[in-house]
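> Next come a sequence and a model predicted from it.
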Amino acid sequence: MSEIILQIDGKEVRAEEGMTILEAALGAGITIPTLCHHEKLEPFGSCRLCSVEVGTGDRAKLVVACVYPVEEKLVVRTGSEKIDRIRKVILELYLAHAPDASSLQELALEYGADKDRFEKEASFCIHCGLCVRYCNEVKKKNAVGFVDRGTRKEICFVPEIASRECWDCKECFPLCPTEALQAAYVLIEALKFPRTP
Amino acid sequence: MPLINSPAELEKLRKGILAERDPEKRVVSICAGAGCVASGANEVIAAFGEELEKKGLDAHVDAKGTGCPGFCEQGPIVVIYPEEICYLQVTPGDVAEIVTETIEGDKVVERLLYLDSATGERATLEPEIPFYKHQLRNVIGDNIKIDPKSIEDYLVVGGYSALAKALSFMTPEDVLNEVKAANLRGRGGGGFPAGQKWEGTRDAPEPTKYVIVNADEGDPGAFMDRAVLEGNPHSILEGLALGAFAVGANEGYIYVRQEYPLAVENVLLAIEKAREYGLLGENILGSGFDFKVIVHKGAGAFVCGESTALMTALEGRVGEPRPKYVRSNIKGLWQKPSVLNNVETWANVPLIINKGADWFTQIGTEGSKGTKIFSLVGKIVNTGLVEVPMGMTLREIIYTIGGGIPDGKEFKAVQTGGPSGGCIPEEMLDLEVGFDELTKAGSMMGSGGMIVMDEDTCMVDVARYFMDFLCDESCGKCVPCREGLRQMLKLLTNITEGRGKEGDLELLEELSEVAGEAALCALGKSAPNPFRSTLKYFRDEYEAHIKEQRCPALSCKELIAFYIAPDKCSACGNCFKKCPADAIVGGKKLIHIVDQEKCTKCGNCFEVCPSRFSAVTKISGVPVPPPVPEEERTITGKSKEK
Ligand SMILES: Cc1cc2nc3c(=O)[nH]c(=O)nc-3n(C[C@H](O)[C@H](O)[C@H](O)COP(=O)(O)O)c2cc1C
Ligand code: SF4
């Protein structure tokens, strides 16, 4: 693996080829906010909180740090007026669903996000996909998945698999960024009241 | 049919077919595209068959179903060759007359010819019809001449000669360079230069490569790709084979939406025929080049047309965009270098190889070469598919070809580029169509949707409508799109329903920035376009809705009222009879009144009120005048019998 030197927030950072900006930044002690990221999982790129700016001048563009691969001499800015504005709105959109989630509240404080900006629609799930992906990629059980699409998307346990696998595992529960018991709730719902297709 | 083993054999075969076909022989072409079939083309085709047989003419006259020539509004369309006499809206009942008069008697059936409503003149020949006269139909021009189920028909119009030329006289680099020199830009969305995309795939070290046709055509109201798929499937296969040859692929995919059964049928048949003839498969025309094509039926959503989602779907997984920054021409389908192009892009390739990049670049503007097919719909006299040179102005397309706005209404805006395109106002009608020109105007080329709107269209409601579509079609993976668009839709709905507040527009602009900058795929990134462009050009309409609860186009139901002007009402009773909600209070010789409580705003009364009275009006932003007191409603001294 060849070494790559890039610049993050004016600081020279050493990274290895194939790393993402996020990994390089973490290695250099630079924090970038994330919600759907997990080091054991493939990048998902769904929360877009880790949006950063790469390039300079006219060629500057917004990319997500959890996916974008490091390049030699890449110039990265992890914060700017625009980036902060975008993060703030993303948090506000999330807070409409999970106004009391502590991980969101902490970030809200940092970015000045107003939890009442949008009409509340508490659903708790913010579709980060951590439970779904963990079950699929790490446990390889696929006991929980997404159903439907767009604004109707939900997580859903597959009763046949869940009744066999979940009680002894429950490793996804603590991954949930909004409500540790959210996955538990959906699991029990699935087992007690299986959806009729 | 024996396998063709060389370009020379192909030419021999072509000559043979041509020799058998007498150019003077009468051919009756009947459009068998989905639009005409829906209006009864199959029955017309059958009727011609029977009638010709009955009269013993079937040996001398060919009657065949063909591809769609685009004038769908006037279907079923019949063109009689060699004269090119064009009959419109033909029914099985007209067939006997056409056979007797035109085929046997060499006379035209006047009443079936195109009638120009403005001048009262009729056009006998297809190329004389104004709708066609100003088009340049390089891609769909052959549709009406060929039976898409017949490979011989395609060969007669020169089919597969570009492939033969490339395989015998050109290297893959030559083909690539020709496409690059032609500056062919993608017809499916972004207008990315095809040659540049191909080159990336060609140069990628990975030896297995793919070429893919995007035939998902998810834009509501768009059907240009369908017309080519159904009407001239071999032209796509030939283009795809040329692309595969250029980049070094041996396998191609056609991702076609399941809702296009006729397209699937014709494409599958075309592949089978091409294989039989040795124009696909192993050692094509004896050149050593192998290429096979697989059709994949997409059951998918709109977002499946997005390049990474389409490839994910081809791999058999849920069609969601991938969060990748590596271009799919380097790492695409199954992580292999893959060229994905739109149907129309591929169909242009044989033309470029046959006629050369110089020919192609003569047509168009600086940055946009060749022609583009648009699907012209909405408030326009001539609805249909139009293929025009890039650089034609919107005004020419809408007025000269499209025949302008029907019912004497005023033009208001044209929405181009599909659901995430933008609206272009009257002042900009002289804009030349091209990729960069449309983007600069705040819209886009997209895949060529063109929806014309008249004065009765509310631009805020237009933005709401497209947002509703995109919200529904969002895959839900990323937040700026899933949540951002949902909030934008809520705000736009509130505005159209009179619940808009100060600050809504600023919030919408903020959400537009977040989606436009931070969404994962182009669906979310371009979704704010309809809002942004309507705000840019029609801000006053937004403000009227928010500040005055007024819809200037008198279209938003929650903001309008139907009101009968007492001095104009002549008690004809039409509205009274047609109101489904019993909301009209009236009677013989009584001024009629709309009971605002009961009115559901269906608009029936407005439609049926005779224009000589025009008593029913729509009002918005002002209170409805109180009804005339009951004792004063009798109409006196005025004759109602007019
Ligand atoms: C949401 C979305 C839907 C799309 N749908 C289509 C489609 O139906 N057909 C198409 O050819 N391209 C579609 N595209 C564009 C493709 O992503 C891609 O750019 C195109 O197929 C490339 O071919 P071209 O360069 O020949 O246009 C879509 C893009 C997005 C973001
Ligand atoms: S922008 Fe919309 S459609 Fe595209 S990945 Fe995000 S949620 Fe899915």
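Yep, that arrived. Residues are numbered from 1 along each chain as shown, chains lettered A, B, ... in the order given. Ligands and ions are numbered 1, 2, ... in the order given.
> how about the residues of chain B near ligand 2?
B:303, B:321, B:474-478, B:481-482, B:519-521, B:523-524 (Cβ under 6 Å from any ligand atom). For glycine as for every other residue, the C-beta is placed from the backbone atoms N, C-alpha and C.
> Could you rerun that using 8 Å?
Counting by Cβ under 8 Å from any ligand atom, chain B comes close to ligand 2 at B:303, B:306, B:309, B:320-321, B:323, B:473-482, B:485, B:515, B:519-525, B:527.
> from those residues, which ones fall inside helices?
Counted as lying in helices by DSSP state H, out of these, are B:Ala309, B:Glu473, B:Val479, B:Pro480, B:Cys481, B:Arg482, B:Leu485, B:Ala515, B:Ala522, B:Leu523, B:Gly524, B:Lys525.
> From B:Val303, how far off is the closest residue to the last one other than its chain neighbours?
The one in question is B:Lys525. Excluding the flanking residues, the one nearest B:Lys525 by Cβ to Cβ, 6 or more residues apart in numbering or on different chains is B:Ala519, at 4.8 Å. Remark: distance between B:Ala519 and B:Val303 (Cβ to Cβ, to the nearest Å) = 12 Å.
> Of the two, which one has the most company?
With neighbours defined as other Cβ atoms under 10 Å in any protein chain shown, B:Ala519 and B:Val303 compare such that B:Val303 has more, 28 against 25.
> Is that one in contact with B:Lys477, as I believe?
No. B:Val303 is beyond contact range of B:Lys477, at 9.2 Å (criterion: Cβ atoms under 8 Å).
> Quick check: neighbours shared by the two?
Residues touching both B:Val303 and B:Lys477 (Cβ atoms under 8 Å, 6 or more residues apart in numbering or on different chains): B:Glu320, B:Pro321.
> so what's B:Asp595 closest to, chain neighbours aside?
What sits nearest to B:Asp595 in space, not counting adjacent residues and going by Cβ to Cβ, 6+ apart, is B:Ala583, at 4.7 Å.
> Going along the chain, name the strands of the stretch 401-550 of chain B.
Secondary structure of the stretch 401-550 of chain B (DSSP state E, counting those that start in this stretch): strands at B:411-416, B:422-425, B:449-454.
> Correction: the previous question concerned chain A.
Under the criterion DSSP state E, strands of chain A are mapped to A:3-8, A:11-16, A:51-54, A:61-64, A:75-77, A:144-147, A:154-157.
> Who does the last one pair with, and is each partner parallel or antiparallel?
The pairing partners recorded for strand A:154-157 under DSSP bridges are strand A:144-147 (antiparallel).
> residues of the strand it pairs with that come out buried?
A:Val144, A:Gly145, A:Phe146 (16 or more other Cβ atoms under 10 Å in any protein chain shown).
> is it anywhere near ligand 2?
No. For strand A:144-147, no contact with ligand 2 is found by Cβ under 8 Å from any ligand atom; the gap never falls below 11.8 Å.
> Please tell me how far B:Gly300 sits from B:Thr496.
From B:Gly300 to B:Thr496 the distance is 30 Å (Cβ to Cβ).
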